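Asks: kindly generate the corresponding structure for this input.
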Amino acid sequence: FFMRQNAFFTDYMTAGIMSCIRHCNHIKKGDKNMEILKSAAILVIGFVLLIKGADFFVEGSSSVAKKFNVPSLIIGMTIVAMGTSLPELAVSVTASITGNNTLAVSNVSGSNIFNLMVVCGACALFAPLTIEKNTLMKEFPFSIVCAGLLVVFGFIGMKLGRVDGIIFLVIFVAYLHWMIYSAKKARSEGDKFETEEEEMAEEIKILPMWKCLLYIVGGMIAIKFGGDFVVNGASSIAAGFGLSQTLIGLTIVALGTSLPELVTSIVAARKDEVDMALGNVIGSNIFNILLVLGVAAAISPITFSMQNIIDIIVLVIMSILVLIFAATKKTINRTEGIIMLVLYAGYVVY
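Replies: Modelled structure (predicted):
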């Protein structure tokens, strides 16, 4: 009865309520955009902290090792080589501890695919990538085996448990021992065997002990907070846009943690110094699977989704394809580099 008698009043009241709802939605949308911008800023700060923190940690640790007369070969194969995987390690461990498991896995698989297809593909555009025999016959097939092992471990029970993580770490230690043994054997036989990491280790200056400690501690703090910022920022962006953490990990986070390799490799390619580019990428990919996921899983079990399994299978297929490219003429030429970049673009669209 009231509604019939007061239709004019009711219409205006309804219009007023709808106007308030629209205004509130507009405010919410503005707040959401601000949150996304804030998350993006945190993500960028996190990447800067990760990259610079890794640089400082490597420089400080290498200087201490040199001070105690550790050979450049050992420093290069361990501290310097692991330095490029520190950003992925920080992100994956932080993601695993905070329960963002899909981000932990997709960060590693995304970084490995990006390293292989984009870093090597971009380098091949400037100069043909020559492949060392040792890389082609041993390290490359071993990286494919590691990726295959990750598929098997992840598919069984759809998680990477603590035991799996420990197995990865044991394999990693054995791999590191084999690499150092091979390098020493090559040197004793008079072969020219010197990695880019070893060259960098030889150039590192011996710093005062207080400065070394400052670099090490400061680098660790930067890596820790950088990992936190990247995981929090990426998770917030994924939630804000309604995207999965897998997609964010495979694209934005993978690109950010792989920036050092990309920039270094392109600069080397422009100077026609790409002899070790593929070898460095393969070594980094092995480190990411065995060391990064090994540590992350040993600390906290990592749950897998079927999408993670598919992404790692894609990594295996792409690795086999690049191995075929490399095996044909012992080089990766410009045409093959373009094919690799196009395949990566197709994968991102997928």
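Asks: in the stretch 1-150 of the chain, which spans are strands?
Replies: 129-130 (DSSP state E, counting those that start in this stretch).
Asks: residue 345: neighbour count?
Replies: 12 (other C-beta atoms under 10 Å). Any C-beta I mention is one placed from the backbone N, CA and C, and that applies to glycine too.
Asks: residue contacts, it?
Replies: Not one residue lies near residue 345 by C-beta atoms under 8 Å, 6 or more residues apart in numbering.
Asks: in a helix, it, correct?
Replies: Yes - Residue 345: assigned to a helix according to DSSP: H, G, I helix; E, B strand; the rest coil.
Asks: do I have it right that residue 148 meets residue 316?
Replies: Yes - if you go by C-beta atoms under 8 Å, residue 148 and residue 316 touch, sitting 5.8 Å apart.
Asks: per-residue confidence for residue 205?
Replies: Listed pLDDT for residue 205 reads 75.
Asks: please report the distance of it from residue 155.
Replies: 47 Å (C-beta to C-beta, to the nearest Å).
Asks: okay, those two: which has more neighbours?
Replies: The residue with more neighbours, out of residue 205 and residue 155, is residue 155; 15 against 8, by other C-beta under 10 Å.
Asks: okay, now the unreliable bits of the stretch 151-300 of the chain?
Replies: 186-204, 264, 267-269, 271-277 (pLDDT under 70).
Asks: which residue ranges form the strands in it?
Replies: Using DSSP E, counting those that start in this stretch, strands in the stretch 151-300 of the chain cover 159-160.
Asks: where exactly do the helices run in it?
Replies: 162-188, 196-203, 209-241, 245-248, 254-270, 277-287, 293-299 (DSSP state H, counting those that start in this stretch).
Asks: what's the last one in contact with?
Replies: Contacting residues not belonging to helix 293-299 are listed as 89, 92-93, 95-97, 104-105, 108, 150, 160-162, 164-169, 171-172, 302 [C-beta under 8 Å, 6+ apart].
Asks: check which residues of that helix are buried.
Replies: Residues of helix 293-299 classed as buried by neighbour count (16 or more other C-beta atoms under 10 Å): 293, 294, 295, 296, 297, 298.
Asks: ok, now the first one?
Replies: By neighbour count, with 16+ other C-beta under 10 Å as the criterion, the buried positions of helix 162-188 are 164, 165, 167, 168, 169, 171, 172, 175, 176, 179, 180, 183.
Asks: and it, what other elements does it pack with?
Replies: The helices and strands touching helix 162-188, judged by 3 or more C-beta pairs under 8 Å, 6 or more residues apart in numbering; DSSP states H and E, are helix 72-75, helix 140-155, helix 277-287, helix 293-299.
Asks: 10 Å - rerun?
Replies: Judged by 3 or more C-beta pairs under 10 Å, 6 or more residues apart in numbering; DSSP states H and E, the packing partners of helix 162-188 are helix 72-75, helix 81-83, helix 133-134, helix 140-155, helix 277-287, helix 293-299, strand 302-303.
Asks: now swap in the fourth one and tell me
Replies: Using 3+ C-beta pairs under 10 Å, 6+ apart as the contact criterion, the secondary-structure elements in contact with helix 245-248 are helix 101-114, helix 209-241, helix 306-329.
Asks: I'd like to know which elements the second one is packed against.
Replies: If contacts are counted by 3+ C-beta pairs under 10 Å, 6+ apart, helix 209-241 sits against helix 7-67, helix 86-97, helix 101-114, helix 245-248, helix 254-270.
Asks: equivalent analysis for the last one, please.
Replies: If you count contacts as 3+ C-beta pairs under 10 Å, 6+ apart, helix 306-329 packs onto helix 101-114, helix 120-126, strand 129-130, helix 140-155, helix 245-248, helix 277-287, strand 331-332, helix 334-349.
Asks: mean confidence for that helix?
Replies: Mean predicted confidence for helix 306-329 is 91.
Asks: next, the angle helix 140-155 makes with that helix.
Replies: With axes from the mean of the first three to the mean of the last three C-alpha atoms, to 10 degrees defining the directions, helix 306-329 sits at 170 degrees from helix 140-155.
Asks: and the angle for helix 306-329 with helix 101-114?
Replies: 10 degrees.
Asks: that concludes my questions; thank you for your assistance.
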